[in-house]
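Undergrad: following is a predicted model, sequence given first.
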Amino acid sequence: MNCKKCGAGIPESNFTGICGKCAFSIFQNARTEPLRPVREKSGPSAEPRYAEHKPEPSAAAEPASAYESASSDLNEEIEITILNGFINDQYMLGKVLNEGFNDKMLRNIYSKHIFRMIQDVYAGVGREKVVDAIIIRNKLEQNKLFDDNMKRFFDMVTKSKVPQLSQVMAYLKILREESSKNQLREITHRINNFLKGADKEGKMSFIDFSSEITKEIRDIQRAQSKKEIQLIKAQMIEIAQDINLREVEGEKDCLGYSLKPFNDLSSAISGLRRGFLYGIAGAPRRGKTNFTLELATLVAANSKKPVLFFTWEQTKKNLTYRLLAKETRINPDTLQRRRIKGVPENDMKFAQGWVKMEQYMDCLYVIEGTKEDTVDRIKAHAYNAMQDHQTDEVLIVCDYIQKMPIARNYDSEKFRVEEISTDLKRLTIELNCPLIIISSLNKEGCMIEITENDDERPGLYHCKGSGDIEYDLDCAMILSKDWGDSKELYNQMAHLAESLNKDPIHLPKIDILSLHLDKNRDAPEGKSPCVQYFFFIEENRFFELGFKESTNAYRFSRIEALLKKLMNEGFIKFRDIEGGPHKTLMEQASDISSAPNQDMRPKIRLKR
């Protein structure tokens, strides 16, 4: 395939039919017209922002309508704002270019010149070097473009407020639509000339003219698309390159963000993968929020990527106290009410917990959701967080889906949840990020959970408003209490406390929870669909027990091993019993039966 202009060879995928050199030449020689200046409110004597360029009169020209004038003013303000963002943020420029921005969307000739200089300057410096307004102005002066009109326009650009990425992305949509409309107006003008027999269009044959117009309209339609469609060949090449790279660098531990030290969960779902929608459901008091907080902190600490935790259920201060309680191992009530610095043990724990939270406190955002925080607002927050961290990666958590707001009102909760889940799935694909949603159970699911029967447990269809949510999710997880293993844990703790002459009655509040992977798209082979955890109820902390085994003896031995490990590390402590030599449970029962009139309650003091 050859270039239509110079005849040079070009690839078959080049749908324009013009090589890069010729396209650049055409681009440089293209005529551009500046916008009309914004009408100042101070009256006709006010100084214009920059000199108005007066085009030559044409018989076909028509007076601009009020709509076109307002549109011009709006476009100018938008162009000034985004140019300021490009000068101050290279990440913003790269992100917008990836979304299809080009200088054809700019109508002002001064905007086009500034944008070209910004691209030239960024192309010649590294990411670590500084690019500012002075450097761009110097570049304009070197190219003899900095006249009085450019100076006035450039001053407006530099004095405007630096925009956020979400704001620029919204402006990009407006510019894309306006650019397409302007091109359609030009095509309309050419069609009128052809029908009247004026200019060169009137001398062309109908077939040639219609073919040319059809191609231009198709190009406009293609420019409206955010992403250019590609053959599967491009993906195949990327896959082949990835396979060859693994031969050199070694195999990957997982496909997404690592969840270490939750190693079994990380291997079962291959990490939190980009573009995947995850769902966690469970009955009340099963630690859904605490568990997702744990996952959020692990991703923030391991990957150093921004994590947005949206909550419509609790305040961000309350959730921060939960995190602090988990890291310091101090009860949340103690953290909020009692003296910390005055107690040496608590003071030391607080200092150690603060150091642990420093691993992720610069990447974790906790956002109190309101009725305005719809999916579109979540997307805006995500763009701004990615801009702040100069990255294209982010993790989003929503607690929980039944309380998320939407623009429309539905009488049926089922339809409401379906729309939210569909929008969230689209958001994961658009941002190419993992997103975790928490869901509550309906009454039937909650009743099943409290029956203390491990043979029956809640399922994904027990979620409130269950419908399309099970189809939208890539990975569905149900968090439920394992009653049998929890009883075994309490029996082992009681025997262990008794052997240590500690109180075997008032034991630490720990449940064994099972995380059932009811749906796991593209799951690794040979992995169990259930992972178990120790859940410390008062400290809001989870410890991974591992994949659930079907053999009781093997499972109980693992419980014993983890129990002793946590005791040695100081996570599990038993209370002391006051009074005399410590006795076994049988001896205590014998003493109680022989002295029925005495106070049977054991005297207990907390160990400090």
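TA: Structure's in. What do you need? Residues are numbered from 1 along each chain as shown.
Undergrad: which SSE is Ile420 in?
TA: Assessed by DSSP states H and E, Ile420 sits inside helix 413-431.
Undergrad: for that helix, buried residues please.
TA: Residues of helix 413-431 classed as buried: 416-421, 423-425, 427-428, 431 (neighbour count, 16 or more other Cβ atoms under 10 Å). Glycine gets a C-beta too; all of them are placed from N, C-alpha and C.
Undergrad: what's the closest of these to Lys144?
TA: The shortest approach to Lys144 among these belongs to Leu431, at 42.5 Å (Cβ to Cβ).
Undergrad: how near is Arg190 to Ile217?
TA: 11 Å (Cβ to Cβ, to the nearest Å).
Undergrad: these two: who's more crowded?
TA: Arg190 (18 against 14; other Cβ atoms under 10 Å).
Undergrad: I'd guessed the more buried one sits against Met204; true?
TA: No - counting by Cβ atoms under 8 Å, Arg190 does not reach Met204; the two are 10.2 Å apart.
Undergrad: if we can go back for a sec, and the next element down the chain from the helix holding Ile420?
TA: Downstream of helix 413-431 (by DSSP H and E), the next one is strand 435-440.
Undergrad: what strands line up against that following strand, and which way round?
TA: strand 277-282 (parallel), strand 395-399 (parallel) (DSSP bridges).
Undergrad: for the ones you listed, which one sits closest to Gly546?
TA: Using Cβ to Cβ, those put strand 277-282 closest to Gly546, at 18.9 Å.
Undergrad: give the rounded mean pLDDT of that closest one.
TA: This predicted structure assigns strand 277-282 an average pLDDT of 94.
Undergrad: from Val162, how far out is the closest residue to Lys527 other than its chain neighbours?
TA: Excluding its sequence neighbours, the residue lying closest to Lys527 (Cβ to Cβ, 6 or more residues apart in numbering) is Ala268, at 4.6 Å. Taking Cβ to Cβ as the measure, Ala268 falls 44 Å from Val162.
Undergrad: between those two, tell me which one has more neighbours.
TA: Taking neighbours as other Cβ under 10 Å, Ala268 and Val162 compare with Ala268 leading, 24 against 12.
Undergrad: so the more buried one sits right up against Gln532, yeah?
TA: No - the criterion here is Cβ under 8 Å, and Ala268 misses it with Gln532 at 11.8 Å.
Undergrad: overlap in contacts of the two?
TA: Common contacts of Ala268 and Gln532 (Cβ atoms under 8 Å, 6 or more residues apart in numbering): Phe547.
Undergrad: if we can go back for a sec, between the buried residues of helix 413-431, which sits nearest Pro306?
TA: Leu431 (11.5 Å).
Undergrad: just to revisit the earlier point, got the buried residues of helix 413-431 as JSON lines, with pLDDT columns?
TA: Output for the buried residues of helix 413-431, formatted as JSON lines (pLDDT from 0 to 100):
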{"residue": "Arg416", "pLDDT": "88"}
{"residue": "Val417", "pLDDT": "89"}
{"residue": "Glu418", "pLDDT": "89"}
{"residue": "Glu419", "pLDDT": "90"}
{"residue": "Ile420", "pLDDT": "92"}
{"residue": "Ser421", "pLDDT": "91"}
{"residue": "Asp423", "pLDDT": "93"}
{"residue": "Leu424", "pLDDT": "94"}
{"residue": "Lys425", "pLDDT": "94"}
{"residue": "Leu427", "pLDDT": "94"}
{"residue": "Thr428", "pLDDT": "95"}
{"residue": "Leu431", "pLDDT": "93"}
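Undergrad: shaky segments in the stretch 301-450 of the chain?
TA: By pLDDT under 70, the stretch 301-450 of the chain has no low-scoring segment.
Undergrad: other SSEs contacting the strand ranked longest in the chain?
TA: With secondary structure taken from DSSP state E, the chain has its longest strand at strand 510-520. Counting by 3 or more Cβ pairs under 8 Å, 6 or more residues apart in numbering; DSSP states H and E, the packing neighbours recorded for strand 510-520 are helix 263-269, strand 475-481, helix 483-499, strand 530-536.
Undergrad: residues making contact with it?
TA: Taking Cβ under 8 Å, 6+ apart as the rule, strand 510-520 contacts 265, 268-269, 286-287, 291, 457, 459-460, 470, 473-482, 485-486, 489, 493, 523, 529-537, 542, 545, 548, 559, 572.
Undergrad: where do the domain boundaries of this protein fall?
TA: 1-25, 31-41+61-224, 263-490+507-561 (automatic domain parsing).
Undergrad: can I get these in CSV including distance to Met236?
TA: Output for those, formatted as CSV (distance: least, Cβ to Cβ, whole Å):
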stretch, distance to Met236
domain 1-25, 14
domain 31-41+61-224, 22
domain 263-490+507-561, 18
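Undergrad: let me know which of the ones you listed is the nearest to Gln230.
TA: domain 1-25 (8.7 Å).
Undergrad: and stretch 509-526, what's buried?
TA: Buried-residue list, stretch 509-526, by 16+ other Cβ under 10 Å: 510-520.
Undergrad: which of these sit farthest apart?
TA: Ile510 and Lys519 (28.5 Å).
Undergrad: neighbours of Lys443, just the number please.
TA: Count around Lys443 with other Cβ under 10 Å applied: 9.
Undergrad: next one: Met236
TA: 10.
Undergrad: mind checking pLDDT for it?
TA: 91.
Undergrad: likewise for Val299?
TA: 96.
Undergrad: for Ser180, same thing?
TA: pLDDT recorded at Ser180 is 85.
Undergrad: now it. Nearest residue, chain neighbours left out?
TA: Nearest to Ser180 is Ile220, by Cβ to Cβ, 6+ apart, at 5.1 Å.
Undergrad: show me what the helix or strand that the one you found is a member of is in contact with.
TA: Assigned by DSSP H and E, Ile220 belongs to helix 206-224. Contacts to helix 206-224, defined as Cβ under 8 Å, 6+ apart, come from residues 16, 100, 104, 176-177, 179-180, 183-184, 187, 190-191, 194, 201, 204, 228.
Undergrad: buried residues in it, which are they?
TA: 209, 220, 223.
Undergrad: quick revisit: which residues touch the helix holding Ile420?
TA: Residues contacting helix 413-431 (Cβ under 8 Å, 6+ apart): 275-277, 375, 378-379, 382, 394, 396, 398, 401-402, 404, 406, 408, 410, 434-435, 437, 463-469, 472-473.
Undergrad: how close does Ile134 get to Leu441?
TA: 60 Å.
Undergrad: name the residue in the two with the higher neighbour count.
TA: Leu441 (25 against 10).
Undergrad: give the full set of residues in contact with that one.
TA: 281-283, 449, 458, 462-464.
Undergrad: what two of the residues you listed are the furthest from one another?
TA: Once Cβ to Cβ is applied, the contacts of Leu441 give Glu449 and Lys464 as the farthest pair, at 13.8 Å.
Undergrad: of these two, who's got more company?
TA: Neighbours were counted for Glu449 and for Lys464 using other Cβ under 10 Å; Glu449 has more, 24 against 18.
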